[in-house]
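Chemist: sequence-free structure coming up:
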């Protein structure tokens, strides 16, 4: 009897877990050439005080209802202790558009063209090697009013870096490259590679004067040889958009390059205003 009950419970748990993973997507695995990440979790970890140890690791989201703020590994209030953000708690129809850029494959220019057409200012989180290999695109981003943020030099798992000297080098090497290319100081916005983080990392970024940005909306757009269809992209990016969203897209995505003009139009038709991250942190 006990054995039968155990088997039934185990079967239920396996079925629930499988259904959850299918519904929300697999964790994002990436290296320095595939920046950004997201993994989704069903746990509501909202509580007072520091970020729970169980929330550290991969940034994750649980979408309870389309059009509403998803639950993150940590709450807006918990992240605020470290000058970190994943969304804005607001009923106003505003969103913040960000891109992660680890390499160039010809899709950034049409993305910039669409942003220019709609007079939208976005933030591009770039790795150091991108600045070295694509100085003209970096300068175009700056000249057209976009912010270039810091995605580290090598795109490592920063949660495994425990000492400030190593952490700082990953950050400041990008700053130096940006200064060389643009003649300007880099805006101190940071996105952890692959969304991997811990409380110590967030504190180190804060001590370096950085604001850390996660996201509240993303979709599986990073596989260059397995791009989502337009319909799949719109299903997520229109269905899950919500007031105060920080949207993460990848500039390597051919789907994003193809749909961005129409996507921006659709968001505008839904009543959304797209604002720069600088307005979020004011």
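Modeler: Sure thing, it's come through. Just so it is clear, the model here is predicted, and its values are computed rather than measured. Residues are numbered from 1 along each chain as shown.

Chemist: how about the helices in the stretch 1-150 of the chain?
Modeler: Residue ranges of the helices in the stretch 1-150 of the chain, as given by DSSP state H, counting those that start in this stretch, are 2-24, 76-80, 108-117, 128-133, 135-143.

Chemist: least reliable of the ones you listed going by mean pLDDT?
Modeler: Ranked by mean pLDDT, these end with helix 2-24 at the bottom, a mean of 38.

Chemist: sec struct for residue 248, please.
Modeler: Secondary structure, DSSP: H, G, I helix; E, B strand; the rest coil: residue 248 is strand.

Chemist: now for it, how many residues are close by?
Modeler: Per other C-beta atoms under 10 Å, the neighbour tally for residue 248 reads 28. The C-beta positions use only the backbone N, C-alpha and C, and glycine is treated the same way.

Chemist: what do you get for residue 77?
Modeler: 12.

Chemist: now residue 69
Modeler: What residue 69 shows, counting by other C-beta under 10 Å, is a neighbour count of 21.

Chemist: use 585 as the first number from now on
Modeler: Okay, using 585 as the starting number, the last item reads as residue 653.

Chemist: tell me the spacing between it and residue 732.
Modeler: 27 Å (C-beta to C-beta, to the nearest Å).

Chemist: can you map out the strands along the stretch 735-866 of the chain?
Modeler: Taking DSSP state E, counting those that start in this stretch as the criterion, the stretch 735-866 of the chain contains strands spanning 773-774, 780-781, 795-797, 829-834, 857-858.

Chemist: in TSV: these, plus distance to residue 677 and mean pLDDT.
Modeler: Formatted as TSV, those follow (distance: least, C-beta to C-beta, whole Å; pLDDT from 0 to 100):
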stretch	distance to residue 677	mean pLDDT
strand 773-774	23	99
strand 780-781	29	96
strand 795-797	20	99
strand 829-834	10	99
strand 857-858	7	98
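
Chemist: where does the closest residue to residue 823 other than its chain neighbours fall, phi/psi-wise?
Modeler: Among residues not flanking residue 823 along the chain, residue 650 sits closest, at 4.8 Å (C-beta to C-beta, 6 or more residues apart in numbering). When read as degrees, to the nearest 10, the backbone of residue 650 gives phi -60, psi 140.

Chemist: try the one 4 residues further on
Modeler: The phi and psi values for residue 654, taken as degrees, to the nearest 10, are phi -80, psi 160.

Chemist: start to end distance for stretch 682-693?
Modeler: End-to-end distance of stretch 682-693 (C-alpha to C-alpha, to the nearest Å): 15 Å.

Chemist: repeat for stretch 771-790
Modeler: 13 Å.

Chemist: right, I'll call it a day here.
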